[in-house]
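Enquirer: Got a sequence here, can you model it:
(chains A and B)
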Amino acid sequence: MKTFLKWAAVIVVVIATLGFLAFLYVIPPFYTTPPEEFGKLMADAPPGVTDIADPVERAIAERGRYIVMTSGCNGCHSVVGSQGPDLSLYLGGGGLKIQTPRATFVSRNLTPDKETGLGRRTDDEVKRVLRSGTFSDGHVVEGSAMPWPVYSNWTEEDLHAVVVYLRHLKPIHHVTPEPVRGRAITISGAIEQDYGGKDYGTSKAEPR
Amino acid sequence: MIRGAWYVCATAATLLVAAALSQPPARVEAQPRGKNVYDAHCVECHGDMGRGDGPSAAYVTPRPRDFTSGKYKIRSTESGSVPTDDDLMQSVRQGLYGTSMPAWARILSDAEIADVVTYIKGLSPQFATAPRPVSVGAGVPSSPESIARGQQAYDKLQCGKCHGSDGRGTGAVATTFEDDWRQPLRAADLTEPWTFHGGATARDVYLRFRTGMAGTPMPSFADAASDSEMWDLSNYVVSMARKPVWSMNADEIKAFYGAQAADAKANPVKRGAYLVETLGCVTCHSPVDEQKRMLPGLKLAGGMLLRIVPFGDYPTGNLTSDKATGLGNWSDEEIKRAITKGILRDGTRLLPFPMDYPSYSTMTADDLSAVVAYLRTVPPVTNKVPAPRRTFLPIYLWGKFKMLILGQDPPMVFFPGNAGLTGGR
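Expert: This is a model prediction of the structure:
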């Protein structure tokens, strides 16, 4: 009887372990959210533009929303945990840490928050970064990390629409660390290492 | 001891005086200073040697200037001449509109801009000869008569052959060209003055006619037209400007976006090209070298190796129309499924990052079809990219365990070089 129980216990443990391993095998890597749902989540993520009062701003922001959504700004500039995207922090930055042979960057807060986002940046400053990767302190971000070289192919009118939309996002107070200069590659032969899946911001985010 | 110190001081003083007297070229001094400015701000596009081949160069249109050629579009000098220092400083200061060259005026001081201009002039032997500036007269003020005469000149000089009868390319013989570096080039849309690289005043436009745009098919009209004709033409071009979106009212915007959508539907290849250029497909689907410069001839041919450390190797696919190794034999539906669901032709599932199909799945049906239509027209490049390869099973499962329980995401690592085989093409 004892032996039977022992064996039963062993079998249960083995089946449970195998089951868990099979479960691990089956779930999608990276995110537990199934890809189909992920797409839907992404489509619902960008805040709408219907509550913008000015019809001109609304029409332009709608175009901007479409461009921001399809271009996947969200992929780096929002926090995406292993359960899927955290929609409350949409474009609040801190979602990705990128290491290159020159520096370490964390994606920035794109919401209009005055202290931690783009609130104090003029439209021209935002457009300059999107067109040429050039920040106001003169540093040029690598085009492989922030793909501004492809966004520089936006027409001036599409670029304008993107900025108008970003201006209408809900401000999120979320501090993201400044870039750290200096070689940061640890894997031999690599030209870039990206880390995601958690919040690289330095403060607890709180909607204002 | 004191005597020794005196000697040292005297020698140093003599050397300094000698250096100051025999010192003409501010250039010698400015070059190291200019190089510092250049290395800090210009390398990403113009490359470490000034050849216009920086890491970001291959992705932007138009391409960054190759300083070793000494050819510049935006000048106030005769055709064939190098630009003046003021021309170059002006381009650095205000940037080149409609390109990724930003305005540096508020970032760099005038002295720094002068230094960097001296430095880039030193990169081309062409600057050994002095520039030959054109003399710009008072010009012809804009008036309905001048604009009407300008329109006649537009026809007479056959501007419409490249720019179209309406300035937007309608009815043009050709609107896409190659510049001297064999890079694609579009004739300017004359109704969008905010894209005129050198500025949009009548004087700016006049200078482009008068001096030509070196390195491009835009010639100088100094011999073909009289000075007043060129001014009339400039006034006419300035008058062609349409209203930009940021000046429109709500109804105009609606009509404008509607017309754009209709145009996109009528010209899916053009719309698809714009989407593929701006969505960032090229960033991963073109292999790069150790300096992150795109490998020549492999744009969209795939082969960049991405390693998601515990999960496996995911070399990017060949998106050209090659039948054997690209998308040539894929059906439209298969391509669309890969873009929106991350499922390859053989059923392999891609990860939602870096292939951002969740975002692409939010594209409209028209845009998705346009992307496919454009990819069909990308010239075939043979580059056999290996299929995604999973890591050793226990490591793969451990990676998932970590992700699920410890909440850590693994590093995604980009490698230089082409993981594919170009097959002796």
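Enquirer: What does the residue of chain A found nearest chain B show for phi and psi?
Expert: Going by CB to the nearest CB, chain B is nearest to A:G197 of chain A, at 2.4 Å. Glycine gets a C-beta too; all of them are placed from N, C-alpha and C. Dihedral angles of A:G197 (phi, psi; degrees, to the nearest 10) stand at phi 90, psi 0.
Enquirer: what does B:I308 give?
Expert: According to degrees, to the nearest 10, B:I308 has phi -100, psi 110.
Enquirer: So which bits of the longest helix seen in chain A are buried?
Expert: Counting by DSSP state H, the longest helix found in chain A is helix A:2-26. Across helix A:2-26, burial judged by 16 or more other CB atoms under 10 Å in any protein chain shown covers A:L24.
Enquirer: list the contacts for the closest residue to chain A within the stretch 151-300 of chain B?
Expert: For the stretch 151-300 of chain B and chain A, the shortest gap (CB to the nearest CB) falls at B:A250, measuring 3.9 Å. The contact partners of B:A250, by CB atoms under 8 Å, 6 or more residues apart in numbering or on different chains, come to A:P55, A:V56, A:R58, A:A59.
Enquirer: How much space separates the closest residue to the first one other than its chain neighbours from B:I120?
Expert: Once its chain neighbours are removed from consideration, A:P55 has its nearest residue in B:A250; the separation is 3.9 Å (CB to CB, 6 or more residues apart in numbering or on different chains). In this structure, B:A250 and B:I120 are separated by 46 Å, where distance is defined by CB to CB, to the nearest Å.
Enquirer: Helix or strand for the closest residue to B:P217 other than its chain neighbours, just tell me which one.
Expert: Distances taken as CB to CB, 6+ apart put B:F177 closest to B:P217, at 5.0 Å, once the chain neighbours are dropped. B:F177 belongs to strand B:176-178 when elements are defined using DSSP states H and E.
Enquirer: That strand packs against which elements?
Expert: strand B:184-186 (3 or more CB pairs under 8 Å, 6 or more residues apart in numbering or on different chains; DSSP states H and E).
Enquirer: Give me the contacts around the strand it packs on.
Expert: With CB under 8 Å, 6+ apart as the criterion, strand B:184-186 contacts B:T61, B:P62, B:T175, B:T176, B:F177, B:E178, B:D179, B:T216, B:P217.
Enquirer: show me what contacts the first one?
Expert: Pointing back at B:T61 there. A:S152, A:N153, B:P184, B:R186, B:E277.
Enquirer: Please read off the pLDDT at the third one from the model.
Expert: Spelled out, it's B:P184. pLDDT recorded at B:P184 is 82.
Enquirer: And the last one, by the same measure?
Expert: Note for B:E277: predicted pLDDT of 93.
Enquirer: Relative to B:P380, how far out is it?
Expert: 19 Å.
Enquirer: and if you look at the fourth one?
Expert: Using CB to CB, B:R186 is found at 23 Å from B:P380.
Enquirer: helices or strands up against the helix or strand hosting B:I147?
Expert: Following DSSP H and E, one finds B:I147 within helix B:144-156. Counting contacts by 3+ CB pairs under 8 Å, 6+ apart, helix B:144-156 is packed against helix B:227-239.
Enquirer: which outside residues touch the helix it packs on?
Expert: Here helix B:227-239 has contacts from B:137, B:139-143, B:146-147, B:149-151, B:153-154, B:157, B:159, B:167, B:190, B:193, B:200-203, B:205-206, B:209-210, B:221-222, B:225, using CB under 8 Å, 6+ apart.
Enquirer: Surely the residue of chain A closest to chain B and B:M403 touch.
Expert: Yes: using CB atoms under 8 Å, A:G197 is in contact with B:M403, at 7.3 Å.
Enquirer: Please parse chain B into its domains.
Expert: Chain B breaks down by automatic domain parsing into domains covering B:27-128, B:144-242.
Enquirer: State the phi and psi torsions of residue 95.
Expert: Going with chain A. Torsion angles, degrees, to the nearest 10, at A:G95: phi -80, psi -20.
Enquirer: ok so, going back, residue contacts, the residue nearest to B:P217?
Expert: B:C162, B:P184, B:L185, B:R186, B:A187, B:T216, B:P217.
Enquirer: residues near the third one, how many?
Expert: The one in question is B:L185. 21 (other CB atoms under 10 Å in any protein chain shown).
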